[in-house]
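Enquirer: kindly generate the corresponding structure for this input.
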Amino acid sequence: MSTIEEILAVKGRSVYAIAPHRTVYDAIVLMAEKEVGALLVMEGERLVGIISERDYARRVVLAGKSSRDTPVRDVMTKRVLCARGTQTVNECMALMTAKRARHLPVLDHKHVIGVVSIGDLVKATIREQQFVIEQLQHYISGS
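Expert: Numbering: from 1, shown residues only. The predicted structure follows:
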């Protein structure tokens, strides 16, 4: 069973973040540039929140706010679910499913070392299942 650390080793440890005082517009532009659905909200090295496309849609657009005038801190999710590198893909999938989250910052002693998405976990699960299928096929065919 794969761990989050193994996923980061393959995917990379890029972390895209924005400061809480920046505007939501700045956050949306950065998400588009980096082709990601969420950004960590950081004050220096400290994780203080996460802002996602979902936050934008629900807390800016539907609330009638202006993305150019609204600071990220006003719409970010403050209670951020996080993972440890030692956790398994299945543990994180269960957490994300139960809490309806799509992104998990990965922490090592309160220091952000990466981010995984539900898509990353699905890809890892498919890779593992494909490996098992290939092994079973080799076993059955005797090769």
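
Enquirer: what count of nearby residues applies to the residue lying closest to S117 once chain neighbours are set aside?
Expert: Closest residue to S117 apart from its sequence neighbours, by Cβ to Cβ, 6 or more residues apart in numbering: H103 at 5.2 Å. Just so you know, the C-beta spots here come from the backbone N, C-alpha and C atoms, and that holds for glycine as well. By other Cβ atoms under 10 Å, 22 other residues sit near H103.

Enquirer: so H103 sits against I51, correct?
Expert: No. Look at H103 against I51 with Cβ atoms under 8 Å: they stay out of range, at 10.2 Å.

Enquirer: return every residue with contacts to both of the two.
Expert: Shared contacts of H103 and I51 (Cβ atoms under 8 Å, 6 or more residues apart in numbering): A38.

Enquirer: and the pLDDT for the residue nearest to S117?
Expert: You'll see H103 listed with a pLDDT of 96.

Enquirer: go on, R68?
Expert: We have a pLDDT of 96 for R68.
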